[in-house]
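K.L.:
I'd like to go over a predicted model; first the sequence, then the structure.
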Number of protein chains: 2
Amino acid sequence: MPRKRSEGAVTLSDVAQLAGVSLATASRAINGSKDRSVAEELATRVREAAQMLGYEPDANAQAMARGATQTIGVAVNDLTDPYFAAIAGGMTDACLDRGMFLTLASTGNQLDRLPEVVRSLDSLRVRAILLTGGRWRTSGIGDDLSEAIRRYISRGGRLVTVGVRLPGIDRVLIDNEGGSARLAQALWECGYRRPIVLTGPEMHSTATVRAQAFLARARELGCRIPPENQIVSDYTRAGGQEAMRLALESGLKGDIVVATNDVMALGAMRQARQAGVAVGTELGFAGFGDIAGLEDAVPTLTTVRVLKEEMGRQSVALAVTGPGDGTGEINLPTTVVLRDSTPRRTGRPA
Amino acid sequence: MPRKRSEGAVTLSDVAQLAGVSLATASRAINGSKDRSVAEELATRVREAAQMLGYEPDANAQAMARGATQTIGVAVNDLTDPYFAAIAGGMTDACLDRGMFLTLASTGNQLDRLPEVVRSLDSLRVRAILLTGGRWRTSGIGDDLSEAIRRYISRGGRLVTVGVRLPGIDRVLIDNEGGSARLAQALWECGYRRPIVLTGPEMHSTATVRAQAFLARARELGCRIPPENQIVSDYTRAGGQEAMRLALESGLKGDIVVATNDVMALGAMRQARQAGVAVGTELGFAGFGDIAGLEDAVPTLTTVRVLKEEMGRQSVALAVTGPGDGTGEINLPTTVVLRDSTPRRTGRPA
DNA sequence: TTGTATGCGTTATCAT
DNA sequence: ATGATAACGCATACAA
């Protein structure tokens, strides 16, 4: 047999015994089975017994008996990223409302460990898996990941991607294209004519989509952005900083820096200031995401607002109540938020 | 019986059958029991069978049979708080290293739900519970919480508090007193003589400790801070903002604002700037925690650095390998980080 | 309405 | 070294 019962382990049998009822009755009294009901008197006796003994149901045993857990698993790359943290916040809220748990499985910032993470969550028999982050090239580890997902789903698991589209998988998406396009429009109307775009990594799907949509709309407006004004960089604060450094060193001309996320914009802004640029007045800055703390930057940063908490909440909702056949899709709007980093340009563009 | 086996459910029995061995052998081959060993040939056959069938062990069943899970539970108040997010990041790292999982149980920012959260985690039979946040008054819900903790521990569970001290419970602490005292010293040496202290809520233990230590050291230096220069407020950005507004409206005199955490300082700084104060030169600002993004504030914010990731990592380590008898204690140092928000005062204090 | 008995998937004990 | 089987704690189909 497995380990002998540790002293403190109170089981439902103990409760039943103390209450003088059968195990089944105790179970029904505590949980309240569907069609069965139990006499009020007995029920109270059972509850009192449970209370006295300090009974706490064993979720693992319940999971086995019921064939399902109350846990949702989320694959996380970097919990400290404020963009993701906000999404995760929405997820915890949604789980709290439903009396569910959220189990984190981290890739440790190594994307190639994603399949492994999915398998782990599968092993836990989580009710659903939430896959966040838009960092996957479509090939390479893709097959391994697809296989892990396929197996999980074949076991009856639910999976939804957040912010990224996977064939045959339910998803929560945001309007990256629209947001970028409207940002391009808004900046144009503010008088900006020569954007420098910090695109982020080429393999990063979200970054690429945002950058391309921005470039496309700018072109429509008659604003052609030469390749040297499109800088590839890491999707991080340091990446933005580095990109800005390069841009300044190479004497790049421009009136605004547009990054595909907020931390890159922040890093770039700081780098520019250190280089003596009059941030805002001389050179505008814009990000994407509207993470917390943007109002503490000086100047406050213009960005595209993403409903991150809502993404988290909706992904849980979709995972729990959605179709689960790959047709489920929730689209969240994005809105441009103009702040002090992009003052209206008065003079003619340089 | 519970639900009928869903089609996709591959069990160890299936694997054993395909490999032509007994269930016991399959188990040993896959997991590798302690003293038992299995012939290499059989082991490979089993592994191949598992691979073919896409077998994934059921963690719930393992938990039952083994009497222990591989999961650590963490009680979280607000995941989006950057201070906590950093701690949680350290926790996920530590769990990843150990092949463990992290399950979040949120209070939804309601402190009185903490006992309930502990019971939930207890129900999951997590290997350890990590209790974060220093927000508990010693009375009130305390009893309920203590009872929940007592029961959990009596079942063999481990529990460690992070950033707060509970009688008889292992803990990871930081040097709040020392940090505050050294901050007071450093600011004094920079020439600041009339601090305005944003203490945070009175019932918040951490905030109180930080504030008191600061006041004490200031007094030692001959700097008496009158009660009206000690402002109670929410422990949030909005709280700092509001406190600053009140201070300015009431015409409070001072040369520096010292908050018991960073977000309050940030909020206060922004409020002051909006009111036309020359932030930094005219009025200094300091926080506590050194959360991410402080370098993006303008001026960059002086603070007391806390090794937040390390707190997370150490708390997991303590929970897993510590004594578990309440004698375990890890103390982490804090260091003052002077930045642009507290320039050296040249003139005589006003 | 209540009780009895079985099964969930795995590990560990005991015998071989 | 391998196999048969009890036990983990609970929910439920079935009998009463």
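P.N.:
Great, that's in hand.

K.L.:
Now do the buried residues in the helix or strand of chain A with the lowest mean pLDDT.
P.N.:
Lowest mean confidence among the helices and strands of chain A (mean pLDDT, DSSP states H and E): helix A:142-154, at a mean of 92. By 16 or more other Cβ atoms under 10 Å in any protein chain shown, the buried positions in helix A:142-154 come out as A:145, A:146, A:148, A:149, A:151, A:152, A:153. All C-beta spots, glycine's among them, are computed from the backbone N, C-alpha and C.

K.L.:
do that helix and chain B meet?
P.N.:
Yes - judged by Cβ under 8 Å from any Cβ of the partner chain, helix A:142-154 comes into contact with chain B at A:151, A:154.

K.L.:
which helices and strands does that helix pack with?
P.N.:
Contacting helix A:142-154 under the criterion 3 or more Cβ pairs under 8 Å, 6 or more residues apart in numbering or on different chains; DSSP states H and E are the following elements: helix A:114-123, strand A:158-162.

K.L.:
hmm, 6 Å instead?
P.N.:
Applying 3 or more Cβ pairs under 6 Å, 6 or more residues apart in numbering or on different chains; DSSP states H and E, we find helix A:142-154 packed against helix A:114-123.

K.L.:
residues from the stretch 1-150 of chain A in reach of chain B?
P.N.:
A:2-3, A:6, A:8, A:54, A:56-57, A:59-61, A:63-65, A:67, A:79-80, A:85-86, A:88-89, A:92, A:96, A:101-104, A:106, A:108, A:122-125 (Cβ under 6 Å from any Cβ of the partner chain).

K.L.:
Inside strands: which ones of those residues?
P.N.:
A:101, A:102, A:103, A:104, A:106 (DSSP state E).

K.L.:
Restrict those to those that also contact DNA strand C, please.
P.N.:
When contact is defined as Cβ under 7 Å from any atom of the strand, these do not meet DNA strand C at all.

K.L.:
Determine which two of these are furthest apart.
P.N.:
Within these, A:101 and A:106 form the most distant pair, 16.3 Å apart (Cβ to Cβ).

K.L.:
thinking again about what came up before, buried members of the residues of the stretch 1-150 of chain A next to chain B into ChimeraX, please.
P.N.:
Selection of the buried residues among those in ChimeraX, burial being defined by 16+ other Cβ under 10 Å:
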select /A:54,56,57,59,60,61,63,64,67,79,80,85,86,88,89,92,96,101,102,103,104,106,122,123,124,125
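
K.L.:
Check the residues of the stretch 1-150 of chain A next to chain B one by one and keep those near DNA strand D.
P.N.:
Restricting those to those near DNA strand D - Cβ under 7 Å from any atom of the strand - leaves A:2, A:57, A:61, A:64, A:65.

K.L.:
Now render those residues as TSV, adding pLDDT.
P.N.:
Shown next, in TSV, are these (pLDDT from 0 to 100):
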residue	pLDDT
A:2	45
A:57	97
A:61	98
A:64	97
A:65	96
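
K.L.:
can you list those in a markdown table and add distance to DNA strand C?
P.N.:
Shown next, in a markdown table, are those (distance: Cβ to the nearest atom of the strand, whole Å):
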| residue | distance to DNA strand C |
| --- | --- |
| A:2 | 5 |
| A:57 | 13 |
| A:61 | 7 |
| A:64 | 4 |
| A:65 | 4 |
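
K.L.:
what's the farthest-apart pair in the residues you listed?
P.N.:
Maximum distance among these (Cβ to Cβ): 18.5 Å, for A:2 and A:57.

K.L.:
Quick check: closest non-adjacent residue to residue A:9.
P.N.:
residue B:155 (6.1 Å; Cβ to Cβ, 6 or more residues apart in numbering or on different chains).

K.L.:
From DNA strand C, how far off is that neighbour?
P.N.:
Counting by Cβ to the nearest atom of the strand, to the nearest Å, the gap from residue B:155 to DNA strand C is 18 Å.

K.L.:
Which residues does stretch A:164-176 contact?
P.N.:
A:134, A:159-162, A:209-210, A:306, A:311, A:314-315, A:318, A:322, A:326, A:328-334 (Cβ atoms under 6 Å, 6 or more residues apart in numbering or on different chains).

K.L.:
roughly how far out does that stretch sit from the chain middle?
P.N.:
Centroid separation for stretch A:164-176 versus its chain: 12 Å, with Cα atoms, centre = their mean, to the nearest Å.
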